[in-house]
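A.B. asks: Need coordinates for the below:
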Amino acid sequence: MAFQLPSLPYEHSALEPYIDTLTMEIHHGKHHQAYVDNLNKAIAGTTNENKSLEELVANAGAISAAVRNNGGGHWNHSFFWKSLSPAGGEAPEGLLADDINATFGSFDAFKTQFNTAATSRFGSGWAWLIRKRADYLNAYWKVVDWKQASQLYTDNK
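C.D. replies: Numbers count the residues shown, from 1 in each chain. Now for the predicted structure:
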């Protein structure tokens with residue numbers, strides 16, 4: 001099964017002014033595409049060739065580093081694109097909001113801790129391709145799709 005770059009659920013320009021079009025074009029069309037291409041090369045002719053992406057990443061300890069790294073990069077990016085929305089940026093509601101408040105004290109406290117964690121991680125997390133991490137993280141809060149996050153959170157609780 002050859003993996004393909006998924007289409008974005010919005011235009012590259014849709015997250016302006018928070019995430020610019022060029023950043024989206026490069027991040028989606030080059031960085032994410034590289035994970036897809038390298039994953040396809042890594043699984044070609046192996047027993048992993050017919051497995052779904054979910055099967056591959058669920059068994060990360062049993063696959064080669066090339067499949068794990070590129071499969072993980074592909075999965076993370078695919079999830080990331082669905083986690084953003086031009087209509088995002090509002091605080092979460094419902095069960096997710098309740099649990100954030102119970103765990104962190106407030107949504108603002110959660111954002112502060114999230115930003116601190118993301119900026120202190122080298123080469124991983126949602127900010128791994130960002131040169132201006134602090135600016136990017138501040139912009140991230142303007143486009144995050146909390147309805148999508150709440151739905152995923154509730155569905156998997």
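A.B. asks: ok, and what's touching stretch 41-54?
C.D. replies: For stretch 41-54, the external contacting residues (Cβ atoms under 8 Å, 6 or more residues apart in numbering) are M1, F3, L56, I63, S64, A66, V67, N70, G71, H74, W75, S78. For the C-beta atoms, the positions are set from N, CA and C on the backbone; glycine is no exception.
A.B. asks: Just the C-alpha atoms of that stretch, please, in CSV.
C.D. replies: Provided in CSV are the C-alpha atoms of stretch 41-54 (Å, rounded to 0.1, in the frame of the first residue of the first chain):
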residue,chain,number,x,y,z
LYS,A,41,10.7,3.7,0.3
ALA,A,42,11.2,2.1,3.7
ILE,A,43,8.3,-0.3,3.4
ALA,A,44,8.8,-1.2,-0.3
GLY,A,45,9.2,-5.0,-0.6
THR,A,46,8.8,-5.7,3.1
THR,A,47,6.0,-7.3,5.2
ASN,A,48,5.0,-3.7,6.2
GLU,A,49,4.1,-2.9,2.7
ASN,A,50,0.4,-3.8,3.1
LYS,A,51,-0.1,-2.5,6.6
SER,A,52,-2.1,0.6,7.4
LEU,A,53,-0.4,3.7,8.9
GLU,A,54,-2.3,3.0,12.2
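A.B. asks: name the element the residue of the chain most remote from its centre belongs to?
C.D. replies: Farthest-out residue of the chain from its mean C-alpha position, per Cα atoms, centre = their mean: G45, at 28.4 Å. Under DSSP states H and E, no helix or strand contains G45.
A.B. asks: buried residues in stretch 134-141?
C.D. replies: For stretch 134-141, a neighbour-count test (16 or more other Cβ atoms under 10 Å) marks Y136, L137, A139, Y140, W141 as buried.
A.B. asks: can you list those residues in a markdown table and add distance to A14?
C.D. replies: Below are the buried residues of stretch 134-141 laid out as a markdown table (distance: Cβ to Cβ, whole Å):
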| residue | distance to A14 |
| --- | --- |
| Y136 | 16 |
| L137 | 19 |
| A139 | 13 |
| Y140 | 14 |
| W141 | 16 |
